[in-house]
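In: pasting the structure only:
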């Protein structure tokens, strides 16, 4: 049996206006996270009936969505937002400090914590995250009916209207069971399910505008809201570094240990991936596994920028000889665009080019390390002496 078609009433000017106003007057991330949770649960629903959700499932979905930008990318949700406190509670209750459960496992922990450890239904209903957002998200569907009401009257009135006018005003959901559950309208379940990527992208765009105000100095913000389906492989970078060590001895910039084809090595993001959210070659370097394990997601001391640059300087000389011209030109683009480096010194063999090459790393990486530290990344790190 096919899923019923989209209700034409959802295409009316009134419904379009209500939808366009969902994220008006936002002072925290709650509306964005709640809507993204509704899209996610609708995507997994059969689309043929209404969908009733307890508040703890809403909270779990919101925390799961917030985990990646907060815990991995260290973004702020704003001064009025309490998500950070709840996410810290999840971490304290669900795993040992210092453990890295991975994004998907962490999101599952958030949902399980909300189901089993977040408090009673009444505590969730009046708690700081869900107390107002459940009613305020659907207020645009009852704009005329709530106009002129005092602020302390609005939420109770919206809850009543969501039930009385459920099939007339077609709000996203109605508020049931004394505010302990919501029931999504079947028509909205179908449209959110069928057009999930569109609605997710639209909500993420508006969330991005809000998060940009809260994190004005964070690079690559657009890639920090939602986790990528999977991390890109570093296989090509490893092949480049293997080619480099074949042509010249290299040393780990942190420990000075020899790196060679027959010596196991890891590929390290000098500035953590979770801050830059990219795998550009200029931020990658071969390191011995023990040192890489010790460094983790910490910020290296700025004194390691110089040996990092020296390692790249030597590696590029080799790669310029062994790579096809097109492949090396693409690799050089990473340095030109990412470090504002003159193309002439990418792969230069003359020792006199090294100071300018190193200066380009210094100009870019020193400020990035300072900025990452201001965003909560730990450092400066240095390997312990043996």
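Out: Arrived safely, thanks for sending. As the structure is a prediction and not an experimental result, all values here were calculated from the model. Numbers count the residues shown, from 1 in each chain.

In: residues contacting residue 223?
Out: By Cβ atoms under 8 Å, 6 or more residues apart in numbering, the contact list for residue 223 reads 277, 278. Every residue, glycine included, has its C-beta placed from N, CA and C.

In: quick check: phi and psi on it?
Out: phi -90, psi 0 (degrees, to the nearest 10).

In: distance of it relative to residue 73?
Out: Distance from residue 223 to residue 73, counting by Cβ to Cβ, to the nearest Å: 9 Å.

In: intersection of neighbour lists for the two?
Out: Contacts common to residue 223 and residue 73, judged by Cβ under 8 Å, 6+ apart, are residue 277.

In: quick one: pLDDT of the closest residue to residue 339 other than its chain neighbours?
Out: In space, and not counting its chain neighbours, residue 339 is closest to residue 360: 4.5 Å by Cβ to Cβ, 6 or more residues apart in numbering. We have a pLDDT of 96 for residue 360.

In: please apply the same query to residue 384.
Out: pLDDT, residue 384: 82.

In: ok, it - how many residues close by?
Out: 7 (other Cβ atoms under 10 Å).

In: what of residue 264?
Out: 9.

In: ok, now which ones touch it?
Out: 288, 289.

In: can you count the residues close to the residue nearest to residue 257 when sequence neighbours are not counted?
Out: Closest residue in space to residue 257, ignoring its immediate chain neighbours: residue 288 at 4.7 Å, by Cβ to Cβ, 6+ apart. For residue 288, the neighbour count with other Cβ under 10 Å is 22.

In: list the contacts of residue 288.
Out: With contacts defined as Cβ under 8 Å, 6+ apart, the neighbours of residue 288 are 252, 255, 257, 259, 263, 264, 265, 266.

In: quick one, phi psi at it?
Out: Dihedral angles (degrees, to the nearest 10) for residue 288: phi -70, psi 140.

In: roughly how far is stretch 352-362 from the heart of the chain?
Out: Put simply, stretch 352-362 sits 33 Å off its chain's centre (Cα atoms, centre = their mean, to the nearest Å).

In: oh, that last question was meant for stretch 273-291, not what I typed.
Out: For stretch 273-291 - counting by Cα atoms, centre = their mean - the centre lies 18 Å from the chain centre.

In: low-scoring pLDDT stretches of the stretch 51-200 of the chain, where are they?
Out: 95-101 (pLDDT under 70).

In: burial count for the closest residue to residue 29 other than its chain neighbours?
Out: In space, residue 29 comes closest to residue 77 once its chain neighbours are excluded; the distance is 4.8 Å by Cβ to Cβ, 6+ apart. By other Cβ under 10 Å, 22 other residues sit near residue 77.

In: alright, that wraps it up for me.
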